[in-house]
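Engineer: pasting the structure only:
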């Protein structure tokens, strides 16, 4: 079952610090959505992520595999950003409480006059929990596969500075203990150079 949450942020341009939704419950645990209106860790883009809250209330070895999608809309309902499909099945556990997007909309775009009508930003979140484990073995040694890289969940939790795991389609940034997915920028195509033969040997 897919769950949908709609979050309207008024006076968005005046916000500086992290903003969170009220906690909501899905599949036996509490969640919230967080946004950094001025970016995170030096980023020049809006930062957005989904987080499990109150993990201490859950049993040892708990985990949730979930797909989620963020959609940013202006006051008129115009779609400004939609997260890509890399998040279709993501592991949340005691070692990895948060996943999200390091780069959504450029801050410069959000600050343009008239871009956000009535200075309101609407965030729609679609969440579908695909697997629920209430109690089981510790997940600290569970391996995560990203483009051929096998990474223990516990290693992600230990990182406190930006780490980019190279993949053809996306990057995972570990920033201050939460995991952020940012689309991998496409490389410009190289123009083929054609050599003209002038007939000389």
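Structural biologist: Alright, I've got the coordinates. Everything numeric here is computed off the predicted structure, so don't read it as measured data.

Engineer: quote the end-to-end distance of stretch 14-28.
Structural biologist: This stretch, stretch 14-28, spans 35 Å end to end (Cα to Cα, to the nearest Å).

Engineer: what comes up buried for it?
Structural biologist: 15, 21, 26, 27 (16 or more other Cβ atoms under 10 Å). Quick note: C-beta positions are derived from backbone N, CA and C, even for glycine.

Engineer: I'd like the residues you listed written out as TSV, with pLDDT, distance to residue 128 and secondary structure added.
Structural biologist: Shown next, in TSV, are the buried residues of stretch 14-28 (pLDDT from 0 to 100; distance: Cβ to Cβ, whole Å; DSSP: H, G, I helix; E, B strand; the rest coil):
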residue	pLDDT	distance to residue 128	secondary structure
15	90	29	coil
21	96	18	coil
26	94	9	strand
27	91	10	coil
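
Engineer: helices of the protein, start to end?
Structural biologist: With DSSP state H as the criterion, the chain has helices at 107-110, 153-158.

Engineer: pick out the shakiest of those helices, pLDDT-wise.
Structural biologist: Mean pLDDT is lowest for helix 153-158 among the helices of the chain, at a mean of 52.

Engineer: give the buried residues for the strand ranked longest in the chain.
Structural biologist: The single longest strand within the chain, with elements called by DSSP state E, is strand 121-133. The neighbour-count check on strand 121-133 (16+ other Cβ under 10 Å) flags 121, 122, 123, 125, 127, 128, 129, 133 as buried.

Engineer: lowest-confidence entry in the residues you listed?
Structural biologist: Within the buried residues of strand 121-133, the minimum per-residue pLDDT falls on residue 133 (85).

Engineer: can you list the low-confidence ranges for the chain?
Structural biologist: The chain contains residues with pLDDT under 70 at 85-88, 135-201.

Engineer: which residues sit in contact with residue 33?
Structural biologist: By Cβ atoms under 8 Å, 6 or more residues apart in numbering, the contact list for residue 33 reads 5, 7, 20, 21, 48, 49, 50, 51, 70, 123, 125.

Engineer: and if we set it to 7 Å?
Structural biologist: Contacts for residue 33 (Cβ atoms under 7 Å, 6 or more residues apart in numbering) come out as 5, 7, 21, 50, 123, 125.

Engineer: mind listing what residue 79 touches?
Structural biologist: Counting by Cβ under 7 Å, 6+ apart, residue 79 makes contact with 71, 73.

Engineer: how close does it sit to residue 73?
Structural biologist: Counting by Cβ to Cβ, to the nearest Å, the gap from residue 79 to residue 73 is 6 Å.
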